[in-house]
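Visitor: pasting the sequence and the predicted coordinates here, then a few questions.
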Amino acid sequence: MNAKTPDKSITADTFLRGLWRENPVFVMLLGMCPVLAVTNSVANALAMGLATTFVLLCSSTLVSLLRRHIPKEVRIASYIVIIASFVTVVDYIIQAVSLEIYNALGAFIQLIVVNCIILGRAESYASRHRVSKTLVNSLGMGAGFTIALLCLGSVRELLGAGTLLGQPVFGAAFEPWVIMLLPPGGFFVLGAWLLLFAWIKERQDRRQREAANLEARAHAG
Amino acid sequence: MNESVIQPEVRATPSHRLIGTLGLIALLSGLLVVSVFEFTRPYIEKNHRVALERAVFEVIPGAVARREFVLTERGVEPAAPGIAGIVFHAGYDAAGGLRGVAAVAAGRGYADVIRVLYGYDPDCACIVGMKVLESKETPGLGDKIITDARFRANFERLDARLNAAGDGLANAIVTVRQGNRHEAWEIDGISGATISSVAIGRMLNAGAHDLLPRLRPHLDAIRNVE
C-alpha cells in the first residue's frame, strides 16, 4: 500500500499553492514541451490548459479513490494507464467540439500522457490524500498551468500577430514580430516571465527578511 | 560497536493481486475509452463531413451539393467502402449542373506533409480554387500559403489544360519567383515561404497530372448523375 500520511483539512493554500508558490510552469518548470510549443496563440493556450486540467482532475481523483487498493509495485503502471485513458477521452472530446482546435494542437494532446505535472501529482499528492483535497489541489495546479500558458500565449500572439483571440489590437501600421510565434519566441517570452516571477519572489523574501530583522532588533532593544 | 540493525520485514504483494489490480484498471480504462468513443463518434464524423463539405464548396465556386466518386481502373464509381482508387468530389449547382470536381493533393513542405484540396472546372480546364487541409508550416512564414490573399489569387483560374494526346497536362504547373509570373499555368510564389509555395505547385502538378487525363473520358458520366 502507499504511504498513508494523515489528511489535513482543506485550506485556501491547498488551491492557491498551484497558482503561485508551486506554480507548475513558473516555479517547478514542469510541462515545458506544451508550454513552448502550443502557446503561439491565446486560443491554443487556453485549449491546452483546459485539456490538461481535465486530465489532471480526473486522473488525480481516480488515483486518490483507488490509492488504498493499488499495490506500490504497480502504482506507476496503474497511474499511466489511468492518465492515458483520460487523455484519449479528452482527445475524442476536442475532436467532437472543434476540429480546428484539434488540428491546431496537433500531437500535443496525445503528449499530455507524458506531462510530468500529471504523473507528478498522482504520485506525490493524489496517492497520499483524500479525494476532496486532491480535487482542490489538482484544480489549483490546473488553473496555475492554464494561467501560465495564457501568460505566454497572450504576449506571443500580441507581439507576433498583433491580435488577441484573433481580434486585431494594433493598427494596420503595426509590423508583427514573427519571431514571437516561432520556437525562439517561446523561449524569449518564457524567460521574461521567469525573470518577472523570480524578481517578485526575491522582493517578497527580502521584505520578509527585513521585517524579521526589525522584529529581532526590537526584541533585543 | 557491533550492533546488528534489524530491518523491518517488507512483505511482497502476491503476484495474483498485482495482476488483478492491473487487469481491473485496464478493464475500467477500456470501458471508459470505448464509451466515450461511441458517444463522440457521431459528432466527430459530422465535424469531418462538415469540414470537407465546406472545403469542397470553397474550391468549387457556385457548388451547393457534392457527390463523392472513386476513379478506378473500371471507370468512375460512387464512393463506397472497399473501392480503391483516386477519390474526388463532384460539385453541383442548384440546378444540378456540374460546377467542377475537387480532389486532394499532398506533398512534402518545409516542416511536414502539406495536404490541399483543389477545385477543377472542366469547362475552362483550369484550377479554380485551393484550400490547405493540413499544414504544419512555420507560423508567420510558411503558413502564408494559407493566409496570403495574393498567393490564393493564383488559384482563381490556373491553367490545367490537357495536351493534344490527352495523357498529361499541356503545361506543367510550376511556382515561379514572386513577381515573375507570366503564364497562366504559373503560380506566383511567396518570398519568405519559398519551399512551401513551391511545394504547392509541385503537388498540384502531380495531382492534376494523375487525375485529369483519366477523368476526362468520364466527365459526361459525372454530369449525368441522377
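Guide: Alright, I've got the coordinates.
Visitor: how far away is the residue nearest to the spatial centre of chain A from B:R214?
Guide: Nearest to the geometric centre of chain A sits A:F145, at 1.9 Å (C-alpha atoms, centre = their mean). Here A:F145 is placed at a distance of 52 Å from B:R214 (C-beta to C-beta, to the nearest Å). From N, CA and C alone the C-beta is placed, and that goes for glycine too.
Visitor: what does B:R157 give?
Guide: B:R157 is 23 Å from B:R214, by C-beta to C-beta.
Visitor: please apply the same query to B:G109.
Guide: 26 Å.
Visitor: look up the closest residue to A:W193, ignoring the ones flanking it.
Guide: A:C151 (5.7 Å; C-beta to C-beta, 6 or more residues apart in numbering or on different chains).
Visitor: packing partners of the helix or strand containing that neighbour?
Guide: Per DSSP states H and E: A:C151 is located in helix A:131-161. Secondary-structure packing of helix A:131-161 (3 or more C-beta pairs under 8 Å, 6 or more residues apart in numbering or on different chains; DSSP states H and E): helix A:12-19, helix A:32-37, helix A:42-65, helix A:116-121, strand A:163-164, helix A:183-220.
Visitor: for the record, mean pLDDT for the strand ranked longest in chain B?
Guide: The longest strand of chain B (DSSP state E) is strand B:98-108. The predicted model assigns strand B:98-108 a mean pLDDT of 93.
Visitor: give me the sheet partners of whichever helix or strand comes after it and which way each runs.
Guide: As assigned by DSSP H and E, the chain's next helix or strand after strand B:98-108 is strand B:113-121. Strand pairing for strand B:113-121, determined by DSSP bridges: strand B:98-108 (antiparallel), strand B:126-134 (antiparallel).
Visitor: interface residues of chain A facing chain B?
Guide: Residues of chain A found near chain B (C-beta under 8 Å from any C-beta of the partner chain) are A:40, A:66, A:69-74, A:77-78, A:81-82, A:84-86, A:88-89, A:92-93, A:95-99, A:103, A:106, A:160-161, A:176, A:178, A:181-182.
Visitor: report the buried members of those.
Guide: Taking 16 or more other C-beta atoms under 10 Å in any protein chain shown as the criterion, what is buried in the residues of chain A next to chain B is A:40, A:66, A:70-71, A:74, A:78, A:81-82, A:84-86, A:88-89, A:92-93, A:95-96, A:160-161, A:176, A:178, A:181-182.
Visitor: which of those residues fall in helices?
Guide: A:78, A:81-82, A:84-86, A:88-89, A:92-93, A:95-96, A:160-161 (DSSP state H).
Visitor: could I get those as a markdown table with pLDDT?
Guide: Shown next, in a markdown table, are those (pLDDT from 0 to 100):
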| residue | pLDDT |
| --- | --- |
| A:S78 | 93 |
| A:V81 | 93 |
| A:I82 | 94 |
| A:A84 | 94 |
| A:S85 | 95 |
| A:F86 | 94 |
| A:T88 | 94 |
| A:V89 | 95 |
| A:Y92 | 94 |
| A:I93 | 93 |
| A:Q95 | 91 |
| A:A96 | 94 |
| A:G160 | 90 |
| A:A161 | 87 |
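Visitor: specify which member of those is nearest to B:A164.
Guide: A:Q95 (47.5 Å; C-beta to C-beta).
Visitor: show me the contacts for the closest one.
Guide: A:Y102, B:T40, B:I44, B:N47 (C-beta atoms under 8 Å, 6 or more residues apart in numbering or on different chains).
Visitor: so which of the residues you listed comes closest to B:K136?
Guide: A:Y102 (13.7 Å).
Visitor: so that closest one is in which element?
Guide: Going by DSSP H and E, A:Y102 is in helix A:99-105.
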